[in-house]
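When you get a sec, could you give me coordinates for this:
(one chain, ligands or ions: 2)
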Amino acid sequence: MATEITADRRTIHEQPELAYEETQTAALVAGRLRQLGIETASGIAGTGVVGLIKGGRPGKTVLLRADMDALPILEQVESGHRSRVDGKMHACGHDGHTAMLLAAARLLQERRDDIAGNVKLMFQPAEEHGTRGGALPMIEAGLLDAPRVDAAFALHVDAAHEAGQIALRSGPTMAAADRFTVMVRGRGGHAARPHQTVDPIVVAAQMITAMQTLVSREVSPVQQAVVTVGSLDAGTAFNVIPDSARLRGTVRTYQPEIRDLIERRLKELTMGMAAAMRASAEVEYVRGYPPIVNHESGVEAVRRVAVEAAGEAQTVEQEMLMGAEDFSYVLQRVPGAMFYLGVRPMGAAEMRPTHSPIFDLDESALPLGTAVLAATALGYLAAG
Ligand SMILES: [Zn+2]
Ligand SMILES: [Zn+2]
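Ligands and ions are numbered 1, 2, ... in the order given. Below is the predicted model:
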């Protein structure tokens, strides 16, 4: 099925759509599922699609997930299937996820008479949204009910591993991801008369430096946390001190108590520093996705299949990641696992990381991903 999977991936790659705008992609998915004779519901939580493959005999229900959204990135990879939309790009491999799940759907639908139970297919919008991802609204719309889902699996491509590899990890695997905005208000004026102003840029600079101590001095060195300021907006001219400065950033953690600690201390630190420097600060802290915690039973179900499909040597341990994924909302409710498909071209030294304009995946890896998805579902249902 390599030709079919690659063709689908390229079609989706050429027409990237951002969070909650995945209308063409959803139409392609729903059309294909219906063509295969799979019971399909579309327009779930906006642009989500759910398919239900009913086995020939009664049994449990297993869910497989793909995500459909792209990122606001201008693609720099030259290829015949380059993004046709300037400023939008499938830089996280969700084009591949959707193509692989469509192929797995075909494999499973063709074997449905031999299946005891059901396979639910989740094609979600807006995984990249960060705070209002597509998974939770799909769950709220009844994704995990009727028939009730007993276990769930999802695959994500990973440029850190070579094509041909499957990476697995039990327990905490991806972080909780929050975002914050600090609005620093000072008093603007002439750049040559700073004593008559309250310079918000100097205050913001001190805050950024002080924030580095949240992780290095306040979180235990054996725990994981990241505080990154990714955006600093202030001023419009070289010789004018502006009225305000805005910092935006992200916090990544695993433990709830560390998440609470950083949220509280980030506010205390920035507001205290603003006061000390005659400015004021407002802090908005928005909690995003919870961490991905893989269930041991789910990881073992994938491992059995991966060892058979990829080989023992190519089934590797995934390291803890500080990225986030809203499949975590599913894994909070049903057992299962997210696993990783290596997509770095074999022998390639250069990393082409996800979320970069040069991200590219080795399409020869896609059939393995399809096989592991489909066989994990079959194996789980066969075990009863
Ligand atoms: Zn991503
Ligand atoms: Zn992703």
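
what's the span of stretch 250-262 from first residue to last?
Looking at stretch 250-262, the gap from its leading to its trailing residue is 11 Å under the measure Cα to Cα, to the nearest Å.

Could you check which helix or strand contains the nearest residue to E218 once chain neighbours are set aside?
Once flanking residues are discounted, E218 sits nearest to R265: 6.0 Å by Cβ to Cβ, 6 or more residues apart in numbering. (Each C-beta comes from the backbone N, C-alpha and C, glycine too.) Assessed by DSSP states H and E, R265 sits inside helix 256-276.

Just the residues contacting that helix, thanks.
For helix 256-276, the external contacting residues (Cβ atoms under 8 Å, 6 or more residues apart in numbering) are 176, 178, 180, 182, 184-185, 203, 206-207, 210-211, 214-215, 218-219, 223, 225, 227, 251, 253, 280-281, 283, 285, 287.

Please, a PyMOL command that selects the buried ones among the residues you listed?
A single PyMOL command suffices to select whichever of the contacts of helix 256-276 are buried according to 16 or more other Cβ atoms under 10 Å:
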select buried, resi 176+178+180+182+184+185+203+206+207+211+214+215+219+225+227+251+253+280+281+283
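
Inside strands: which ones of the contacts of helix 256-276?
With strands defined by DSSP state E, the entries of the contacts of helix 256-276 inside them are 176, 178, 180, 182, 184-185, 225, 227, 251, 253, 280-281, 283, 285, 287.

Next, the residue nearest the centre of the chain: phi, psi?
The central residue of the chain, meaning the one whose C-alpha is nearest the mean C-alpha position (Cα atoms, centre = their mean), is E325 at 3.6 Å. In this entry, E325 is assigned phi and psi values of phi -150, psi 130 (degrees, to the nearest 10).

Quick check: it vs A135, distance?
Distance, E325 to A135, using Cβ to Cβ, to the nearest Å: 9 Å.

now H156
From H156 over to A135 the distance is 13 Å, taken as Cβ to Cβ.

Can you report how many residues lie near the closest residue to V283 other than its chain neighbours?
Distances taken as Cβ to Cβ, 6+ apart put K267 closest to V283, at 4.8 Å, once the chain neighbours are dropped. K267: 17 surrounding residues under other Cβ atoms under 10 Å.

In terms of pLDDT, where does K267 sit?
As predicted, K267 sits at a pLDDT of 98.

Report the separation between it and Y285.
Separation of K267 from Y285 (Cβ to Cβ): 7 Å.

Next: L155.
Distance of L155 to Y285, computed by Cβ to Cβ: 32 Å.

What of G323?
Spatial separation of G323 from Y285 under the definition Cβ to Cβ is 20 Å.
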